[in-house]
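Participant: My questions concern the predicted model and sequence given below.
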Amino acid sequence: MGYHYKLKITGFLLLTFGITHIPVCNTTQSSSANGDSLSMVIDIPHILARKKIVALTDNSSTSYFIYKGEPMGYEYEMLRSFAEYLKVDLEIIVAKDMNEIFDLLQKGQVDIVSANLTVTEDRMKKVNFTEPLIYTRQVLIQPKPKGWQNMSAEKLSEHLIRTTIDLAGKDVYVRNESSFYSRLVNLQDEIASKINIKEVPGEVTTESLIAMVANGKIPRTICDENVAMVNQTYYPQLDIKTAVSFPQKIAWAVNKNSPLLLSELNNWISDQKNTTRYAVMYNKYFKNPKAAGQRNESEFSSLGGNNISPYDDMIMAYSREIGWDWRLLASMIYQESKFDHTAQSWAGACGLMQMIPATAIQYGLDTCGGTPIQSIDAGTRHIIKLDQYWAKIISNKEERIKFVLASYNAGLGHVIDARNLCSKYGNKSDLWQNNVEKYLLLKSYPKYYNDPIVRCGYCRGQEPYNYVREIITRYEHYRNTIKDNDGKEVFADAKSTLTE
């Protein structure tokens, strides 16, 4: 699942990538440096054939997060852009333990690792790195002394570590197996003194360590300067001016047995870095500290809390009525109104759930949209009505939800027409993906909307087609970043619901 940029694999496209002689998937087993057997190796032909690229990243203020209902992050936007370039879907997997990321890549479970990775010699033995996206250096994160606001720069420096030599005998907390750990080990040799390197587990993120320093739980840590600068916007009590390394490369990692993917990425990165679009995106995340601070401090950011919208409590309550994960209902409401309860469409649909007056009046809404709770109440009652219809026909709940979503957007009659067309042409009328959704798209062509079995005529099918996909895609992002505080997840595996 992901952003659904589809590509039909043709001989022309394969020639374009210069790979007509290479099998779609290399299923041979290879071995790692320590002799372990690795899983299937995947390269560009397989990625194109399955129409999806799988990327591993982390939840952080620079990589991937949710802000006001939308997925954001430098790494995320770059990955989405690359998927668009390949015309494939993007599936995001969030790293649970940063110490395992290269194992997942070597085993072929992900295609790219994109998580502000520093290029090191040890890592280059395991994986291939792309051309650098960013150059940065590692810096010491340490708390400023009490009363720092009234100190001159010179006076402030007297209270802080300003040279790497002064790290001798000091406690520094870093994630084990990270580039920061390696740097501290090497630094001990350079200064001929022991540093008390305090190792933390791989599941502890760099930004968690920064927060611990800010809150006085640990004395200091190390991180990349680009990440430090973003985090200092909401932790002004931290000092980030002491460098502990020379500039280093930040890049994406790919499997050593994916040469075509590496080549394609390198060409794409080189082109991207010369575009205005890239400059705007880079500045958004790394050169605009005020905006970064607002995003990170917002209660509607996955970085600052676990909220999606001001209406989460209402959404949770009503999601129980329809048996949905509240994050799925939230994704639907975002699709309808972007959580703007005053929103009104060109067609007259109003409120959080954008109900057309003729439908809304059936549920007691006699004014445009009503209050937020009235809109959610009416909208979920309409969902229940649609679900009751489809429950008689579609027994699988995951499939039925897609039919309900499409019916909410396009109207029940159009979805019934698409299902009938699907049956007529020998496709699976109980499956949405690549089956009923296809005939909803085709209902914009005379051959199909004039068919005698079609009762509701023309339908601009692209809208409900995108509607279902975008809601479930966003739901996946919510599942990646927002904890489930209420109820059960609707899809056992949301990532597979629209990418088979």
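Facilitator: Received the coordinates, thanks.
Participant: Can you show me the strands along the stretch 101-250 of the chain?
Facilitator: Here the stretch 101-250 of the chain has its strands, by DSSP state E, counting those that start in this stretch, at 112-118, 128-129, 134-136, 138-143, 171-175, 196-200, 221-224, 238-243, 248-254.
Participant: mind giving me CSV with those strands and columns for mean pLDDT and mean neighbour count?
Facilitator: Quick note: C-beta positions are derived from backbone N, CA and C, even for glycine. What follows is the strands of the stretch 101-250 of the chain, written out as CSV (pLDDT from 0 to 100; neighbours: other Cβ atoms under 10 Å):
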stretch, mean pLDDT, mean neighbour count
strand 112-118, 94, 24
strand 128-129, 97, 20
strand 134-136, 94, 17
strand 138-143, 97, 24
strand 171-175, 96, 21
strand 196-200, 96, 16
strand 221-224, 96, 26
strand 238-243, 96, 19
strand 248-254, 96, 23
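Participant: separation between A214 and R469?
Facilitator: Noted for A214: a distance of 40 Å to R469, by Cβ to Cβ, to the nearest Å.
Participant: And those two? Which one has more around it.
Facilitator: Between A214 and R469, R469 has the larger neighbour count (other Cβ atoms under 10 Å), namely 23 against 18.
Participant: Assumed that one was part of a helix.
Facilitator: Yes - counting by DSSP: H, G, I helix; E, B strand; the rest coil, R469 falls inside a helix.
Participant: can you map out the helices along the stretch 401-500 of the chain?
Facilitator: 412-424, 437-442, 446-449, 462-481 (DSSP state H, counting those that start in this stretch).
Participant: and Q232, which of those helices is closest to it?
Facilitator: Proximity to Q232 (Cβ to Cβ) singles out helix 462-481 among these, at 22.5 Å.
Participant: For that closest one, name the packing helices and strands.
Facilitator: Packing contacts for helix 462-481, counted by 3 or more Cβ pairs under 8 Å, 6 or more residues apart in numbering; DSSP states H and E, involve strand 65-67, strand 70-72, strand 89-94, helix 326-337, helix 397-410, helix 437-442.
Participant: With M316 as the reference, name the closest of these.
Facilitator: Per Cβ to Cβ, nearest to M316 of these: helix 326-337, 4.4 Å.
Participant: same for that closest one, what does it pack against?
Facilitator: Other helices and strands packing on helix 326-337, by 3+ Cβ pairs under 8 Å, 6+ apart, are helix 312-322, helix 372-391, helix 397-410, helix 462-481.
Participant: mind putting those in CSV, distance to I93 and mean pLDDT included?
Facilitator: Shown next, in CSV, are those (distance: least, Cβ to Cβ, whole Å; pLDDT from 0 to 100):
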stretch, distance to I93, mean pLDDT
helix 312-322, 25, 95
helix 372-391, 30, 96
helix 397-410, 20, 96
helix 462-481, 8, 94
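Participant: Which of the ones you listed sits closest to D58?
Facilitator: Comparing these by Cβ to Cβ, helix 462-481 comes nearest, at 10.5 Å.
Participant: looking at the helices and strands packed on helix 462-481, which is buried most?
Facilitator: Stretch with highest mean neighbour count among the helices and strands packed on helix 462-481: helix 326-337 (a mean of 26; mean count of other Cβ atoms under 10 Å).
Participant: what's it in contact with?
Facilitator: For helix 326-337, contacts defined as Cβ atoms under 8 Å, 6 or more residues apart in numbering pick out 69-70, 308-309, 311-312, 315-316, 318-319, 322, 339, 343, 349, 351-354, 376, 379-380, 401, 405, 408, 467, 470-472, 474-475, 478-479, 482, 484-487, 490-491.
Participant: could you flag which of these are buried?
Facilitator: Those of the contacts of helix 326-337 that meet the buried threshold are 69, 308-309, 311-312, 315-316, 318-319, 322, 339, 343, 349, 351-354, 376, 379-380, 401, 405, 408, 467, 470-472, 474-475, 478-479, 482, 487, 490-491, by 16 or more other Cβ atoms under 10 Å.
Participant: Settle this for me: S375 is touching H341, isn't it.
Facilitator: Yes - using Cβ atoms under 8 Å, S375 makes contact with H341 at a distance of 6.6 Å.
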